[in-house]
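> with the sequence up front, the predicted model follows.
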Amino acid sequence: KRIAIFASGSGSNAQKIMEYFKKSNDAEVAIVLTNNPDAYVLQRADNFEIPSHVFDRKEFRETDDVVQLLKNLQIDLIVLAGFLWLVPENLLKAFPNKIINIHPSLLPKYGGKGMYGDKVHLAVLENKELESGITIHFVNEHFDEGEVIQQARFKIEATDDLEMIKFKGQQLEHQHFPKVIEGLIKKMKTI
Ligand code: GRF
C-alpha cells in the first residue's frame, strides 16, 4: 500500500511515519506534499529520499492536478500531519474514507478553523483543563470534524506550562499516529 503525507510545517509526525514505514512490508510513504515551499518537512522527505510536491492555493483548489498526481502514484491512504488547509471537494471525492488527520486536542474540544498549533494548547491552559490529548480522525469538508479513529489522553499537572503540554501531546502523536496508519493499512489488505 502507498501513503501520501500532507504537511505544512516542521513535519515531526511525518518524520515518525517515514521512519516507521521504512521498515514495513505493508506500506511505504510514496510522496510528501505541502503548500509551504519553506516547510522543514521537505528536508525531511529528502533525507528519506522520498519525492515531494509543492502546490499553491490555485493548483490545490482550482485544478485536479493534485488528485491526478495521487492517482498516478496509486496512493491508498492520505495522511494529513500538520496540514493547515481545508481539503477541497475533488480530493475528498477521489479518496473517500482514505484521508485522515491528527489534531492535538481531544476533539470535539478545541478544534475547528483557526484552532491549530499553540492556540490549541493555550486555550486548554486558559480553561484550566485537567487533561488534554490527541485525536486521529477521518477528514471531511469541515475542519476537525470527521469520524474519530483514535484518541489518547494525558493529565495536565498544575505546574505544566505551554511547552510541557505541547511536549506531552507531541509524544502521544508520535507514538500513536504510525500505529493507527498501520492498522488502517492492514484493514485495507483484507478487503
Ligand atoms: C501536530 O500537533 C498536529 O496535531 C497538528 O499539527 C502539528 C504538526 O506538527 N495538526 P509536526 O509538523 O508534525 O511537528
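That came through fine. Numbering: from 1, shown residues only.
> hmm, who's touching the helix or strand hosting residue 31?
Assignment of secondary structure by DSSP states H and E places residue 31 within strand 28-34. With contact meaning C-beta atoms under 8 Å, 6 or more residues apart in numbering, strand 28-34 is reached by 1-8, 11, 14, 17-18, 21-22, 41-42, 44-45, 48, 50-55, 66, 69-70, 73-75, 83. In short, each C-beta sits where N, CA and C put it, glycine included.
> could you redo the last one with a cut-off of 7 Å?
2-8, 14, 17-18, 21, 41-42, 45, 50-55, 66, 73, 75 (C-beta atoms under 7 Å, 6 or more residues apart in numbering).
> give the buried residues for the helix or strand just after it.
On the C-terminal side of strand 28-34, the closest following helix or strand by DSSP H and E is helix 40-47. Within helix 40-47, the residues scored as buried using 16 or more other C-beta atoms under 10 Å are 40-42, 44-45.
> outside of the helix or strand just after helix 40-47, which residues touch it?
For helix 40-47, the following helix or strand on the C-terminal side (DSSP H and E) is strand 52-54. Residues outside strand 52-54 that contact it (C-beta under 7 Å, 6+ apart) are 31-34, 37, 42, 45, 69.
> give me that answer again for 8 Å
31-37, 41-42, 45-46, 66, 69.
> please apply the same query to stretch 113-122.
84, 103-105, 110, 123, 132, 143-144, 162, 165-166, 169.
> need the residues of the protein near the ligand, please.
The chain comes close to the ligand at residues 7, 9-14, 81-82, 102-104, 173, as judged by C-beta under 6 Å from any ligand atom.
> among the residues you listed, name the buried ones.
7, 9, 11-14, 81-82, 102-104, 173.
> in helices, which of those residues fall?
Among those, the ones falling in helices (DSSP state H) are 12-14, 173.
> hmm, back to that, now, of the contacts of strand 28-34, which are buried?
Using 16+ other C-beta under 10 Å as the burial test, the contacts of strand 28-34 include 2-8, 14, 17-18, 21, 41-42, 45, 50, 52-53, 55, 66, 75 as buried.
> ok, the residue of the chain found nearest the ligand - contacts?
Using C-beta to the nearest ligand atom, the single residue of the chain nearest to the ligand is residue 82, 2.6 Å away. Contacts of residue 82 were listed using C-beta under 8 Å, 6+ apart, and they are 7-11, 13-14, 41, 102.
> now swap in residue 45 and tell me
11, 14, 18, 32, 51-52 are the contacts of residue 45 under C-beta under 8 Å, 6+ apart.
> can you rerun that using 7 Å?
Residue 45 touches 32, 52, counting by C-beta under 7 Å, 6+ apart.
> same check on the one 10 residues further on?
Listed by C-beta under 7 Å, 6+ apart, the contact partners of residue 55 are 33, 35, 66.
> what of residue 154?
Taking C-beta under 7 Å, 6+ apart, one finds 131-133, 168, 172 in contact with residue 154.
> who wins on neighbours among those residues?
residue 132 (26 neighbours; other C-beta atoms under 10 Å).
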